[in-house]
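# Next comes the sequence, and after it the predicted model I'd like to discuss.
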Amino acid sequence: MCGVCPESRRTRLTVRIVLLAVALLCSMWEWRPDFAWARWKPEVGGAAWWDTDARGLRPSRIILLYNSGGMPAWTADRLKYYIAHVAPDGKPDDWFFDTVLVLALTAESQRSFEPNYGSGPAIADDWRQYLDQRLFGGLSEMAELEKAVQQASNQLGEATHTIRVVISIPYPDPRATQFGDFDGRQLDFSHSEDRAAAVRWYLREVSRRWTASHFEHLRLAGFYWVREEAPDQDRALLRLASNLVADQLLPFYWIPYFGSQGGSKWRELGFDIAIQQPNYFFYEVPPQRIEEAAEFAKQHYMGVEMEMDKRVVTSQERRERYLRYLDGGVEHGYLQAGILAWYDDCALLECGQAQDPAIRRVYDQTFRFVTGRYRKEPTKALGSSNEVTAPSAKPG
């Protein structure tokens, strides 16, 4: 009978306890010391080492960068507006977000990595193509991110600066009964063991390719579960995925929507870090939703997600709606939260490039918030006879 020696069991248990303890500290509503998660090194038999690039007292501020099928590639020229604060003259003058969460909702085929999107469940070729053509080959978006940080480091005079990267795990959809093969094995996602095998393969592949890339300015900092709810059928898989991520000494992230199934039980599900979506920007709900989400996040030791889309470029009302999130950080305390994330639909990029001061203000105020220097301003009157609006959209 094959088993795990008691010493190995104790080691894994200790690692898990440390990860959970740090995750709680990171999501507490105070400034907490940053620390570096270990990285995987498969060429030495799955051993990990500790990266000592700690930067002192700095919370995690995460930008969600979507690279779903059909979306424009993330190039260094686009990424620089998130890595650094770019002044109106086009030159960086300070660091901006410290963490990038890379995620896709659909494959290039438009099949789904998240079951609420796309034209049917993704198959094995979609999972492979995402790694081969978006992240580590083809468009090489991780290499572009490395380039963006290197360029900003040179311009800001900090040659050793690093950015943390969290990578999403495609959802192994039970509808994919003919998923395809990984490692010569045909997988059917109506079977739980095949779903687990796909997650195991994906984590191993990301880790292998990451190590082979030898990034100097990027640090693999975790994995993200892309589905925003946790139905009963996924509970066992989530616990397994949590253990697989923990085996790499990395945290497991989740960002559930407001009222999501399982949202309040994120730790029981196996996540190390959870961030609450308020879903105020996108829907006709009262501003009190921000306070409700903040209180829920505080009660359950979660971070808070800031939300906007490209309508902030065309609508004053939408700009003011987004700024309520920033004001809420002052009013409800999450300005000082350990973990915050931003969904922006590439809006910050457009705001940073804008010549109109009202649009550029969104970029600059977000920067002040991220760096802890935001101050609430008097609210301007909403509405304008010449504003342009767009239909309400569910966030990706």
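Arrived safely, thanks for sending. A quick note: this is a predicted structure, and the numbers were derived from the prediction, not measured. Numbers count the residues shown, from 1 in each chain.
# where do the helices sit along the stretch 1-150 of the chain?
For the stretch 1-150 of the chain, the helices defined by DSSP state H, counting those that start in this stretch occupy 6-27, 76-83, 124-129, 141-156.
# ok, residues contacting the shortest one?
Outside helix 124-129, the residues that touch it by CB atoms under 8 Å, 6 or more residues apart in numbering are 107-109, 111, 113, 170, 179-182, 187, 198, 202. Placement of C-beta: from N, CA and C, glycine included.
# 10 Å instead, please
By CB atoms under 10 Å, 6 or more residues apart in numbering, the surrounding residues in contact with helix 124-129 are 69, 104, 106-113, 118, 122-123, 132, 137-138, 169-170, 172, 176, 178-182, 186-187, 198, 201-202, 205.
# Could you write me a ChimeraX select line covering just the buried ones among those residues?
Here is the ChimeraX command that selects the buried residues among the contacts of helix 124-129 (16 or more other CB atoms under 10 Å):
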select :69,104,106,107,108,109,111,112,113,118,122,123,169,170,172,176,179,180,182,187,198,201,202,205
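# Just the contacts of helix 124-129: which are in strands?
Applying DSSP state E to the contacts of helix 124-129, the entries found in strands are 169, 180-182, 186-187.
# And the nearest residue to residue 133 once chain neighbours are set aside, what's its pLDDT?
Leaving out its chain neighbours, the residue that sits closest to residue 133 by CB to CB, 6 or more residues apart in numbering is residue 139, at 6.3 Å. If you check residue 139, the pLDDT there is 90.
# what does the one 3 residues further on give?
Among the per-residue scores, residue 142 holds a pLDDT of 97.
# Also the one 4 residues further on?
The confidence metric pLDDT takes the value 98 at residue 146.
# close enough to count as contact, it and residue 163?
Yes - Residue 146 lies in contact with residue 163 (CB atoms under 10 Å); the separation is 8.8 Å.
# Show me which of the two is the more surrounded one.
Just comparing residue 146 and residue 163: by other CB atoms under 10 Å the higher neighbour count belongs to residue 163, 25 against 22.
# Give me the distance between that one and residue 266.
According to CB to CB, to the nearest Å, residue 163 and residue 266 sit 25 Å apart.
# now swap in residue 92 and tell me
For residue 92, the distance to residue 266 - CB to CB - is 35 Å.
# Between the two, point out the one with more neighbours.
Between residue 92 and residue 266, residue 266 has the larger neighbour count (other CB under 10 Å), namely 27 against 20.
# Name the next helix or strand following the helix or strand harbouring the more buried one along the chain.
Residue 266 belongs to helix 266-269 when assigned by DSSP states H and E. On the C-terminal side of helix 266-269, the closest following helix or strand by DSSP H and E is strand 273-276.
# Give the other helices and strands that that next one contacts.
Using 3 or more CB pairs under 10 Å, 6 or more residues apart in numbering; DSSP states H and E, the elements in contact with strand 273-276 are helix 6-27, strand 60-66, strand 218-225, strand 252-254, helix 266-269, helix 288-299, strand 303-307, strand 339-343.
# helices and strands around whichever helix or strand comes after the last one, which ones?
Read that as strand 339-343. Next helix or strand after strand 339-343 toward the C-terminus (DSSP H and E): helix 347-353. Applying 3+ CB pairs under 10 Å, 6+ apart, we find helix 347-353 packed against helix 76-83, strand 84-86, helix 311-314, helix 316-332, helix 357-370.
# Kindly format the C-alpha coordinates of helix 347-353 as CSV.
What follows is helix 347-353, C-alpha atoms only, in CSV (Å, rounded to 0.1, in the frame of the first residue of the first chain):
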residue,chain,number,x,y,z
ALA,A,347,-11.2,51.7,-19.1
LEU,A,348,-8.2,52.8,-17.1
LEU,A,349,-6.0,52.5,-20.2
GLU,A,350,-8.3,54.8,-22.2
CYS,A,351,-8.6,57.2,-19.3
GLY,A,352,-4.8,57.4,-18.9
GLN,A,353,-4.5,58.2,-22.6
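# which residues of the stretch 51-200 of the chain score low on pLDDT?
Low-confidence segments of the stretch 51-200 of the chain (pLDDT under 70): 51-59.
# The residue sitting nearest the centre point of the chain and residue 275: what is the separation?
Against the mean C-alpha coordinate of the chain, by CA atoms, centre = their mean, the closest residue is residue 101 at 3.0 Å. Distance check for residue 101 against residue 275: by CB to CB, it reads 9 Å.
# So for these two, which residues contact both of them?
Contacts common to residue 101 and residue 275, judged by CB under 10 Å, 6+ apart, are 62, 64, 224, 253, 255, 341.
# Out of the residues you listed, which is nearest to residue 231?
Nearest to residue 231 among those, counting by CB to CB, is residue 255 at 16.5 Å.
# so what's that closest one closest to, chain neighbours aside?
residue 275 (4.6 Å).
# quick one: contacts for the one you found?
Shown in contact with residue 275 (CB under 10 Å, 6+ apart): 27, 60, 62, 64, 101, 224, 253-256, 266, 297, 302-306, 337, 339-341.
# can you do 8 Å?
The contact partners of residue 275, taken as CB under 8 Å, 6+ apart, are 62, 253-255, 297, 302-305, 339-341.
# And for residue 141?
Counting by CB under 8 Å, 6+ apart, residue 141 has contacts 67, 73-74, 102, 134-135.
# could you flag which of these are buried?
Buried among the contacts of residue 141 by 16+ other CB under 10 Å: 67, 74, 102, 134-135.
# could these be laid out in TSV, adding distance to residue 209?
Below are those laid out as TSV (distance: CB to CB, whole Å):
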residue	distance to residue 209
67	15
74	17
102	13
134	12
135	7
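# returning to that earlier point: can I get the contacts of residue 275 in a markdown table with distance to residue 156?
A markdown table is the format used below for the contacts of residue 275 (distance: CB to CB, whole Å):
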| residue | distance to residue 156 |
| --- | --- |
| 62 | 20 |
| 253 | 27 |
| 254 | 32 |
| 255 | 29 |
| 297 | 32 |
| 302 | 32 |
| 303 | 26 |
| 304 | 28 |
| 305 | 27 |
| 339 | 24 |
| 340 | 22 |
| 341 | 24 |
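# quick one: residue 362 and residue 312 touch, right?
Yes - look at residue 362 against residue 312 with CB atoms under 8 Å: they come within range, at 5.3 Å.
# Common neighbours of these two, please.
Counting by CB under 8 Å, 6+ apart, the contacts common to residue 362 and residue 312 are 319, 322, 347, 351.
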